[in-house]
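**Student:** okay, predicted coordinates and the sequence, questions at the end:
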2 protein chains.
Amino acid sequence: MEGQGEVLGPDGQPMSKKALKKQQKDAEKAAKKAAYKQQNKEQQSQEDGAHEKENEDVSEGRYGTLPLNQSQEKVQRKIYKICELTPELADKKVWVRARLHTSRAKGKQCFFVLRQQKWTVQALAAVGDRISRQMVKFIAGVPKESIVDVEGTVRGVGQKIEACTQQDVELHVDQVWVVSTAAQRLPLQIEDLTRPEGENDLATVNQDSRLDNRILDLRTTTSQSIFRLEAGVCRLFRDILTQNNFVEIHTPKIIPAASEGGANVFEVTYFKSKAYLAQSPQLYKQMAICAEFDRVFTVGAVFRAEDSNTHRHLTEFVGLDLEMAFNFHYHEVVDLIGDMFVHIFKGLQTQYAEEIEMVHKQFPAEPFKFLEPSLRIDYAEGVALLREAGVEMEEDEDLSTPNEKLLGRLVKAKYDTDFFILDKFPLAVRPFYTMPDPTNSKWSNSYDMFMRGEEILSGAQRIHDPDFLTKRALEHGCELDKIKGYIDAFRYGAPPHAGGGIGLERVTMLYLGLDNVRKTSLFPRDPKRVTP
Amino acid sequence: MEGQGEVLGPDGQPMSKKALKKQQKDAEKAAKKAAYKQQNKEQQSQEDGAHEKENEDVSEGRYGTLPLNQSQEKVQRKIYKICELTPELADKKVWVRARLHTSRAKGKQCFFVLRQQKWTVQALAAVGDRISRQMVKFIAGVPKESIVDVEGTVRGVGQKIEACTQQDVELHVDQVWVVSTAAQRLPLQIEDLTRPEGENDLATVNQDSRLDNRILDLRTTTSQSIFRLEAGVCRLFRDILTQNNFVEIHTPKIIPAASEGGANVFEVTYFKSKAYLAQSPQLYKQMAICAEFDRVFTVGAVFRAEDSNTHRHLTEFVGLDLEMAFNFHYHEVVDLIGDMFVHIFKGLQTQYAEEIEMVHKQFPAEPFKFLEPSLRIDYAEGVALLREAGVEMEEDEDLSTPNEKLLGRLVKAKYDTDFFILDKFPLAVRPFYTMPDPTNSKWSNSYDMFMRGEEILSGAQRIHDPDFLTKRALEHGCELDKIKGYIDAFRYGAPPHAGGGIGLERVTMLYLGLDNVRKTSLFPRDPKRVTP
């Protein structure tokens, strides 16, 4: 919604009629200028042709640069997708709109590759009856990454074209029209952005340069595949929960107080007052459970003002959160979440096999392994495994990041799974709302879940008794007046419940075996980056 | 995700071992105390019984208050949902977990109603062989809204029970155990919260009191229905777009500059610097189009620092946004959006008929009407309709809110639809990135969509030429350095594209014919409210 009501001028005030009129005129002029500019380019290219071979151009009217599309007309024309170009279409004339990926002129011929998301096809213009030398020259001069409309005939090829996804056909062109011209010099080359590390000692691009030129970086087959798969994670998460009678909710991001501990929270100027950005939907999804929603999930931005500059921390990321009332034991919830992950992993495996392959071409990784049902081990067993491997630590000591990684490898070696659930964490290392174990409050009814040795979900049974919750909040040094609304939610009858929060970007990163969470965030935010 | 890595103490620092140990002990004590407290309550109620009729209580061990659920054991017991209690289960003994909605003791009997989300069933305990006087007294004393486990036999009834959703059966109880006790005094009564305005001159609750006690307000059948339907809007939106090859993306909410005009934007303290909350995903979804995603949608929080205290403005709401490359004319996009709304409206009609009926019981409204395909009229025609109705306005003047409402009524009268598309807005009242009409730049290739006379979508063809975009940005007084990343996105080839943004809460409100957008936001935020 661009306007939530009235539209205002740049100064935030309604514009005067005179100002409106002037603005219209200016806009009209600018549009004309932009159209002229492109028509002139076209004329220029035709004139270039004329120099070469006097007034004769057999291709005239079949190539050039189109004027700026302002929706001048409704053209009835079928446009084929590159992925549709297969031998079944052989000898058929088709229109394609795509990017000029690469081009190579050689004497009287120009070979060029058209790209559309993850698909590519080779095209060929050769001087002949209908293709002029000028037209070939024009095509060869179109800057890479420009968008072109190409009419051509699909032709089968004798030898597979290894460099393209459409290996069995090429396109013999009749017409080439530039829809949008890219700059002559690109800051980065798509080939460099797509190249696996170390291949033929050719250049690759570091993470920061990629992000500085994110628009180009996102055009690689790798990025296209990553974000399609990430959309799949979201969809599979929602669909399986919806099937299990969860209701999708939306929790506020602007909150009145730094409710989950003040350290890592962003402050917002809220009119004449202060507010904060939610570090998770935790309190609100629990309040939804108190409000009788029984089972809820939510997908949304969460914010962490941590000055952590690591491969896996972002200041803004997408949380996949769920919370659910249970009847007798929080393992009802743990089992459901475990099954949910199996559903997601299987869905990715079957529905995104092509994307996974594409990503692994550039960033090789072992396929992701999991068990069905999911492996669940107690924290104490995890610590025992680490001690056996020589780690010196207390039974109820928190896991350091290197020890998490090591535990992942030990579990993989023992159980052959990249996914497992670590249950019954020490109470002391968990948030105040975590339910203690019923028999030994050194432990708690809480759990983390891991992929390739990194935490991707944290969750627990929550305390649903307001007095007990108050006591625990005080022990944790929480200011009660700041969480009054939260604690009051439990005063009108609250069911036992448990849940968890998942970091979407981490799941995608670890499923694919990538090395940096910035690769799985469309426009990542960290302590040093808020652009583009 | 509760922790994005390590878990810290309340002061944001890792806790010492000693502190951890102390905390464990305290938690252990508190848990025991909470459990004891409830066991004592139970014992007390049994002692009360003992006073009345000496040591004899035939119901002993079949009622009371359960200790705090800390997942002590995994009970194998089927729990029925209230909606499953139908005559097919007659004479079957079942367990149900639900809220005590109301109870009424009368001599040796206690009738009570159990509620679960939108479903209710009547239950009955009568003194007899297995039910003691003490047990009936205990049940009658359970505070409303408490959660109880009830075992009972399903019995068919001669006369329909009008007050409950399960009208053909009642539950004859054997056991009643309180799982979670509600406070004796509730700040608001569920009956009052659910009552239609004006019924028998009984009390209803104003909007602010509702929101101050949102947990109770959300428990009404009305709220339960509203938010289930709202989840449906989201799901239908995503599913139809996914079917149409849209990719779901997530755009950053923290942005480096007040990119869409500085007036209505919230400022965030970002480490040692400043950042802002995105007023829409506009620029980022367009950048995704430039990054070759072809068709994208996103569902997420958007923020408006407008000091507008109306029935339809929120400072934080959920945006359903889409953006799509088109081939020749932006009407390709308009048509797709129009069809998308038809799909959503039909889906709601068929899949949420019960919820719609529930809401209309409390807040009556005409059923929502729409045409297939959707009605599209030009702005000029809209103005003509208004002028015919006596409104004095210029042909290219912006629509005031009352005139929007009036136009909605005029269109309804003429075309019999509550949904329509108003196309070709005056350029001057639209944002800088709006594409002017190709023949007359007084107009633009932009549109709003309306439900019951209120705007729910705003959209347009966008300018995809970087030079033209720059010119228009300057004319609107934008600071170019603040939108450099955005404008640069168009320098590497950009397809013609159009899209729109939808306010989720408004769609839900207007589809149901509700009077206030706060009714369709789980925890609404406005200039005066950031709680609960």
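**Tutor:** Cool, got the structure. Numbers count the residues shown, from 1 in each chain, chains lettered A, B, ... in the order given.
**Student:** check contacts around A:Ile190.
**Tutor:** By Cβ atoms under 8 Å, 6 or more residues apart in numbering or on different chains, the contact list for A:Ile190 reads A:His101, A:Arg115, A:Lys144, A:Glu145, A:Leu216, A:Arg219, A:Thr220. To be clear about C-beta, it is placed using only N, CA and C from the backbone, and glycine gets the same treatment.
**Student:** again with A:His311
**Tutor:** Each residue near A:His311 by Cβ under 8 Å, 6+ apart is listed here: A:Asp515, A:Asn516, A:Val517.
**Student:** which PyMOL command selects the buried ones in the residues you listed?
**Tutor:** One line in PyMOL is enough to select the buried ones among the contacts of A:His311; burial here means 16 or more other Cβ atoms under 10 Å in any protein chain shown:
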select buried, chain A and resi 516+517
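**Student:** if we take the contacts of A:His311, which one ends up nearest to chain B?
**Tutor:** Distance to chain B across the contacts of A:His311 (Cβ to the nearest Cβ) is lowest for A:Val517, with 10.3 Å.
**Student:** quick check, pLDDT for that closest one.
**Tutor:** A:Val517 is assigned 98 on the pLDDT scale.
**Student:** all helices for chain A, in order.
**Tutor:** For chain A, the helices defined by DSSP state H cover A:17-52, A:133-141, A:190-194, A:207-212, A:214-217, A:221-243, A:282-288, A:331-351, A:353-362, A:379-388, A:401-415, A:466-475, A:484-488, A:504-512.
**Student:** keep only those of the contacts of A:Ile190 that are in strands.
**Tutor:** Among those, the ones falling in strands (DSSP state E) are A:His101, A:Arg115.
**Student:** contacting chain B as well, which ones from the contacts of A:Ile190?
**Tutor:** Applying Cβ under 8 Å from any Cβ of the partner chain to the contacts of A:Ile190, one finds that A:Glu145, A:Leu216, A:Arg219 fall near chain B.
**Student:** in TSV: the contacts of A:Ile190, plus neighbour count and distance to A:Asn445.
**Tutor:** Putting these into TSV (neighbours: other Cβ atoms under 10 Å in any protein chain shown; distance: Cβ to Cβ, whole Å) gives the following:
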residue	neighbour count	distance to A:Asn445
A:His101	21	54
A:Arg115	23	52
A:Lys144	22	57
A:Glu145	25	54
A:Leu216	26	48
A:Arg219	24	47
A:Thr220	24	44
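**Student:** need the max-distance pair from the contacts of A:Ile190.
**Tutor:** Farthest-apart pair in the contacts of A:Ile190 is A:Lys144 and A:Thr220; separation 13.6 Å (Cβ to Cβ).
**Student:** how many neighbours does A:Arg185 have?
**Tutor:** Neighbour count of A:Arg185, defined by other Cβ atoms under 10 Å in any protein chain shown: 8.
**Student:** so what's it scoring on pLDDT?
**Tutor:** On the pLDDT scale, A:Arg185 is placed at 96.
**Student:** and it, how far is that from B:Met287?
**Tutor:** Using Cβ to Cβ, to the nearest Å, A:Arg185 is found at 20 Å from B:Met287.
**Student:** and what of A:Arg214?
**Tutor:** Counting by Cβ to Cβ, the gap from A:Arg214 to B:Met287 is 8 Å.
**Student:** and what of A:Asp26?
**Tutor:** Note on A:Asp26: its distance to B:Met287, by Cβ to Cβ, is 25 Å.
**Student:** likewise for A:Gln243?
**Tutor:** For A:Gln243, the distance to B:Met287 equals 34 Å [Cβ to Cβ].
**Student:** and A:Thr508, what does it touch?
**Tutor:** Residues in contact with A:Thr508 (Cβ under 8 Å, 6+ apart) are A:Ile226, A:Leu229, A:Glu230, A:Val233, A:Leu514, A:Thr520.
**Student:** count of residues packed around the fourth one?
**Tutor:** Using other Cβ under 10 Å as the criterion, A:Val233 is surrounded by 24 other residues.
**Student:** I figured it hits A:Met509, correct?
**Tutor:** No. Contact between A:Val233 and A:Met509 fails when scored by Cβ atoms under 8 Å: they sit 10.8 Å apart.
**Student:** model confidence for A:Glu42, exactly?
**Tutor:** pLDDT, A:Glu42: 56.
**Student:** please apply the same query to A:His51.
**Tutor:** Looking at A:His51, its pLDDT stands at 54.
**Student:** A:Leu8 too?
**Tutor:** 42.
**Student:** neighbours of A:Ala123, how many?
**Tutor:** By other Cβ under 10 Å, the residues close to A:Ala123 number 24.
**Student:** please tell me how far it sits from A:Ala183.
**Tutor:** Separation of A:Ala123 from A:Ala183 (Cβ to Cβ): 22 Å.
**Student:** where among the helices of chain A is average confidence lowest?
**Tutor:** Across the helices of chain A, helix A:17-52 has the smallest mean pLDDT, namely a mean of 63.
**Student:** could I get the contacting residues of A:Asn327?
**Tutor:** A:Pro496, B:Val75, B:Arg77, B:Ile79, B:Arg97.
**Student:** 7 Å - rerun?
**Tutor:** Listed by Cβ atoms under 7 Å, 6 or more residues apart in numbering or on different chains, the contact set of A:Asn327 reads B:Ile79, B:Arg97.
**Student:** pull out the buried residues from stretch A:361-376.
**Tutor:** A:Gln362, A:Phe363, A:Phe368, A:Phe370, A:Ser374, A:Leu375, A:Arg376.
**Student:** state the distance from the fifth one to A:Met324.
**Tutor:** Translated: A:Ser374. On the measure of Cβ to Cβ, A:Ser374 and A:Met324 end up 17 Å apart.
**Student:** over to the first one?
**Tutor:** Distance of A:Gln362 to A:Met324, computed by Cβ to Cβ: 39 Å.
**Student:** how many residues are close by A:Ala460?
**Tutor:** When neighbours are defined as other Cβ under 10 Å, A:Ala460 has 25 of them.
**Student:** surely it touches A:Met449?
**Tutor:** No. Applying Cβ atoms under 7 Å as the test, A:Ala460 and A:Met449 come out as separate, 11.9 Å apart.
**Student:** so A:Arg214 and B:Met287 - more neighbours on which side?
**Tutor:** Taking other Cβ under 10 Å, A:Arg214 and B:Met287 do not tie; B:Met287 has more neighbours (27 against 20).
**Student:** report the contact partners of the residue positioned nearest the centre of chain A.
**Tutor:** For chain A, the residue sitting closest to the mean C-alpha position, by Cα atoms, centre = their mean, is A:Phe227 at 4.1 Å. A:Phe227 makes contacts with A:Leu522, B:Val247, B:Ile249, as judged by Cβ under 7 Å, 6+ apart.
**Student:** the first one: neighbouring residues, count only.
**Tutor:** The reference is to A:Leu522. 24.
**Student:** pretty sure it is touching B:Val247, no?
**Tutor:** No. Assessed by Cβ under 7 Å, A:Leu522 is found out of contact with B:Val247, at 10.4 Å.
**Student:** please name the nearest non-neighbouring residue to A:Arg530.
**Tutor:** To be clear, residue A:530 is Val; Arg isn't right here. Nearest residue to A:Val530 in three dimensions, chain neighbours excluded: B:Pro256, at 4.5 Å (Cβ to Cβ, 6 or more residues apart in numbering or on different chains).
**Student:** over to A:Tyr284?
**Tutor:** A:Thr251 (3.6 Å).
**Student:** Serialize the ones next to chain B among the contacts of A:Ile190 to TSV and add fields for distance to A:His343.
**Tutor:** Listed next are these as TSV, based on distance: Cβ to Cβ, whole Å:
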residue	distance to A:His343
A:Glu145	39
A:Leu216	35
A:Arg219	31
